[in-house]
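**Student:** Prediction below, plus the sequence it came from.
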Amino acid sequence: MGEFNFLAVALGALAFFAVGMLWYGVLFGKLWQRSARLTDEALQSGNMPLIFALTFLFELLIASTLWHGIERSGASDRATMMMAVGFGATVMVPALGIHYLYLRKTLAHFLIDSGHIVTGMAAMGGVFLLLR
C-alpha cells in the first residue's frame with residue numbers, strides 16, 4: 001500500500017479543474033449557459049475568485065478520497081481508471097441527477113454537467129496513473 005501522495009492529489013484536482021475550464025469554456029460554454037438559463041449579466045455577477053477557489057477545494061477533496069481508495073485497495077492501473085470513472089458515473093452523476101430532478105433542470109443541463117464529471121474523473125485517474 002502506498003503513502004498519501006500530495007502532489008498526485010493536487011495535480012489530479014488540477015486536471016479536473018482544467019477539464020472544467022475547457023468544458024464550460026470552449027466546448028460547451030454557450031450551450032451550458034442556455035440550458036442553465038443564465039444571462040451574461042448573471043454569470044458576471046458572481047464572485048469568480050471565490051467560486052474558482054471553492055471549486056478547486058472541492059476537487060481536492062474528491063481527489064483525496066479517490067487517491068485514498070485506490071491506494072488502500074492496491075488497485076491495478078486498469079482498476080484505477082475503473083474506480084475513477086466508475087465513481088464519477090455511478091455515484092457523482094446519480095447524486096447530481098437527484099438534485100436536478102427537484103431543481104427542474106433540463107436534460108441538456110444534466111448531460112453537460114454529467115459529462116464534465118465523468119471526463120474530469122477520467123483525467124484525475126489518468127494523473128494518478130502517471131504519479132503512482
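**Tutor:** Sure, I can see it.
**Student:** ranges for the helices of this protein?
**Tutor:** In the chain, the helices defined using DSSP state H lie at 6-22, 29-35, 40-44, 48-73, 77-87, 93-103, 107-130.
**Student:** what about the fourth one, distance to the chain center?
**Tutor:** Same thing as helix 48-73. In terms of C-alpha atoms, centre = their mean, to the nearest Å, the centre of helix 48-73 is found 9 Å from the chain centre.
**Student:** again with the fifth one
**Tutor:** The gap between where helix 77-87 is centred and where its chain is centred comes out at 14 Å by C-alpha atoms, centre = their mean.
**Student:** show me where pLDDT drops low in this protein?
**Tutor:** Applying pLDDT under 70 to the chain flags residues 1-2.
**Student:** Number of residues surrounding G125?
**Tutor:** If you count neighbours by other C-beta atoms under 10 Å, G125 ends up with 25. C-beta: built from backbone N, CA, C; applies to glycine.
**Student:** My guess is it contacts M83. True?
**Tutor:** Yes: using C-beta atoms under 8 Å, G125 is in contact with M83, at 7.1 Å.
**Student:** Now for those two: what residues contact both?
**Tutor:** Common neighbours of G125 and M83 are listed as L66 (criterion: C-beta atoms under 8 Å, 6 or more residues apart in numbering).
**Student:** Next, the buried residues of stretch 96-111.
**Tutor:** Going by neighbour count (16 or more other C-beta atoms under 10 Å), the buried part of stretch 96-111 is 96, 100, 105, 109-110.
**Student:** cool, stretch 65-82 as well?
**Tutor:** 66-67, 70-71, 75, 80-81.
**Student:** how near is the closest residue to T106 other than its chain neighbours to Y24?
**Tutor:** In this structure, T106 finds its nearest non-sequential neighbour in S35, 5.0 Å apart by C-beta to C-beta, 6 or more residues apart in numbering. In this view, S35 and Y24 are 11 Å apart by C-beta to C-beta, to the nearest Å.
**Student:** what's the overlap in contacts for those two?
**Tutor:** In contact with both S35 and Y24: no residue, using C-beta under 8 Å, 6+ apart.
**Student:** Thank you kindly, that will do.
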